[in-house]
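Colleague: Structure, please.
(chains A, B, C and D)
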There are 2 protein chains.
Amino acid sequence: MGINERKEREKEVLQKSILTAAREVFLEKGFDQTSIRSIAQRIEYSPTTIYLYYKDKDAILYALHTEGFQLLGSKMEVLSMVENPLERIKAMGRVYIQFAMDHPDYYDLMFVQKSPMNKLDEDHEVWQEGMSTFEGLKFSVQQCMDQGYLPFTDVEAGSYMLWSTLHGMCNLYDRGRCKVLDEEKSEQIVDLGFAEFLKMLDAFGC
Amino acid sequence: MGINERKEREKEVLQKSILTAAREVFLEKGFDQTSIRSIAQRIEYSPTTIYLYYKDKDAILYALHTEGFQLLGSKMEVLSMVENPLERIKAMGRVYIQFAMDHPDYYDLMFVQKSPMNKLDEDHEVWQEGMSTFEGLKFSVQQCMDQGYLPFTDVEAGSYMLWSTLHGMCNLYDRGRCKVLDEEKSEQIVDLGFAEFLKMLDAFGC
DNA sequence: TTGGAAACTTAACAGTGTTAAGTATATTTG
DNA sequence: CAAATATACTTAACACTGTTAAGTTTCCAA
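Modeller: Got it, this is the predicted structure:
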């Protein structure tokens, strides 16, 4: 009885085309303009059909957030080649900032917006995407601590602080808080801040 | 002709009562629930009356954001007593984090939400509140650089990076991204992260 | 051919920011 | 003093939002 299997496949196709439409709207028009109705219009279905494939809007945004983590993960992957753990952390930082600048909407969804987290809370799930990525940082930080590059007391607290520095720079920039600086400087501030961050990492070990 | 003056006073009273109502709703129900209608209901006026006193919702949120900066400023004031510039920066950090924890809604409005910044863009104004506060940090960072406590290349970039570290920790915490840690630890993570931050500041100078 | 399940839509609810037009009230003018 | 005007405020509406209950169409099996 292959009919049910075909139907299953068709359902999957529509589910994926909803996600594709959501991604297109999201990347073209941004988070605020990504409405159920705008997604529905793109696939030429009624808005309510979407609810037959996704529980609610949060579920769609969660799926997009996961895509973002896959994209970030693919860019982080190559850094396992870097032998020196401190250099690896520096390279991770560079990749992280570059990702935030290249894909500000994905970044916002992954690390700022509450919507994707709501989905986790509803389903009593753990934040696998975030945990895996953070694990990657923790691993390198632990190596740095073992080899005396970073004198943290607590791996997790230290990793969290380093992550926060980069996140803070990206988020303050994205949310227009670089207006504390003059226009010319505010455009370079994330790079300039990252330069100071690197200097700090080097000095920290001694 | 005191009649016009009386009317002016009455207009000011209503403008202030709108802001008071907005503040109450904002602090009681949070950012998302702070609607023009909910504010109007509280002062027993129609929603449209509010537009006679504030250009739009962004203008109200900007006014609330300014209140937040006054509150933060009052807590920062006393730190001018601290003689040692590095100790002063550490104390500023503590106050900053405490403020973010005590008043998460104000903090979000001041440093994360785009609404108050929209108002600035519309009116072609500078972000006076942010600039003043950042100036306070820059002053102490410059002193630290002069006295060899902090080897930054660029005062502004260094100050921005330090600010970002604290902002990042507060924002990631507020937006539920501490889910990368187990529940017990995520509750203390901002304090633990700040402890590592302090350690970094001390090590950085040597 | 009929019954029923599955897929999808229509219409509606309750909410949002915002604006045009209308209504009172108070003040100024002829 | 009465008419005209300016001020203050409200009503109703527009164009959206996420979401759901109820209705319709389509498809497959008995």
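
Colleague: give me phi/psi at the residue nearest the centre of chain A?
Modeller: Centroid-nearest residue in chain A: residue A:110, 3.7 Å away (criterion: Cα atoms, centre = their mean). Phi and psi for residue A:110, reported as degrees, to the nearest 10, are phi -70, psi -40.

Colleague: ok, now residue A:127?
Modeller: phi -90, psi 80.

Colleague: got it, and the one 4 residues further on?
Modeller: Main-chain torsions, residue A:131, degrees, to the nearest 10: phi -60, psi -40.

Colleague: That one against residue B:180, yeah?
Modeller: Yes - look at residue A:131 against residue B:180 with Cβ atoms under 8 Å: they come within range, at 5.1 Å. Backbone N, C-alpha and C define where each C-beta goes, glycine included.

Colleague: Looking at those two, which is more packed in?
Modeller: More crowded of residue A:131 and residue B:180, by other Cβ atoms under 10 Å in any protein chain shown: residue B:180, with 24 against 15.

Colleague: quick one on the thing from earlier: let me see the contact set for the residue nearest to the centre of chain A.
Modeller: Counting by Cβ atoms under 8 Å, 6 or more residues apart in numbering or on different chains, residue A:110 touches A:65, A:68-69, A:72, A:116, A:129-130.

Colleague: again, only this time at 10 Å
Modeller: Residues near residue A:110 by Cβ atoms under 10 Å, 6 or more residues apart in numbering or on different chains: A:64-69, A:71-72, A:99-100, A:103, A:116, A:129-130, A:133, B:177.

Colleague: Which one of those is nearest to DNA strand C?
Modeller: Closest approach to DNA strand C among the contacts of residue A:110 (Cβ to the nearest atom of the strand): residue A:64, at 20.8 Å.

Colleague: any residue of the helix or strand containing residue A:192 up close to chain B?
Modeller: Element membership for residue A:192, per DSSP states H and E: helix A:183-205. Yes - Helix A:183-205 comes into contact with chain B (Cβ under 10 Å from any Cβ of the partner chain), by way of A:185-186, A:188-197, A:199-205.

Colleague: Just the buried subset of those, please.
Modeller: Listed as buried from the residues of helix A:183-205 next to chain B are A:186, A:189-190, A:192-197, A:199-201, A:204; burial here means 16 or more other Cβ atoms under 10 Å in any protein chain shown.

Colleague: Flag the least confident of those.
Modeller: When these are compared by pLDDT, residue A:204 scores lowest at 77.

Colleague: correct me, but that one touches residue A:149?
Modeller: Yes - counting by Cβ atoms under 10 Å, residue A:149 is a contact partner of residue A:204 at 7.9 Å.

Colleague: who touches both of those two?
Modeller: Contact with both residue A:204 and residue A:149 is made by residues residue A:86, according to Cβ under 10 Å, 6+ apart.

Colleague: still on that earlier bit, what do residue A:131 and residue B:180 both touch?
Modeller: With Cβ under 10 Å, 6+ apart, residue A:131 and residue B:180 have common neighbours residue A:138.

Colleague: pLDDT on stretch A:55-72, on average?
Modeller: Per-residue pLDDT over stretch A:55-72 has a mean of 98.

Colleague: How about that stretch and DNA strand D, any contact?
Modeller: Yes - using Cβ under 7 Å from any atom of the strand, we find that stretch A:55-72 touches DNA strand D at A:56-58.

Colleague: Flag every buried residue along that stretch.
Modeller: Neighbour counts over stretch A:55-72 (16+ other Cβ under 10 Å) mark A:57-69, A:72 as buried.

Colleague: Stretch A:125-138 now?
Modeller: Neighbour-count burial for stretch A:125-138 flags A:127, A:129-130, A:133-134, A:136-138 (criterion: 16+ other Cβ under 10 Å).

Colleague: again, but for stretch A:21-29
Modeller: In stretch A:21-29, counting by 16+ other Cβ under 10 Å, buried: A:21-23, A:25-26.

Colleague: what about it, distance to the chain center?
Modeller: 16 Å (Cα atoms, centre = their mean, to the nearest Å).

Colleague: tell me which parts of chain A are close to DNA strand D?
Modeller: Neighbours of DNA strand D within chain A, by Cβ under 7 Å from any atom of the strand: A:1, A:3, A:33-38, A:47-48, A:51, A:56-58.

Colleague: mind redoing it with 6 Å?
Modeller: With Cβ under 6 Å from any atom of the strand as the criterion, chain A meets DNA strand D at residues A:3, A:35-38, A:47-48, A:51, A:56-57.

Colleague: First-to-last residue distance for stretch A:41-56?
Modeller: Using Cα to Cα, to the nearest Å, one end of stretch A:41-56 lies 17 Å from the other.

Colleague: Off-centre distance for that stretch?
Modeller: 25 Å.

Colleague: and that stretch with DNA strand C, contact?
Modeller: Yes - using Cβ under 6 Å from any atom of the strand, stretch A:41-56 reaches DNA strand C at A:45-46, A:48-49, A:52.

Colleague: close to chain B, is that stretch?
Modeller: No - no part of stretch A:41-56 sits near chain B under the criterion Cβ under 10 Å from any Cβ; the closest distance found is 15.9 Å.
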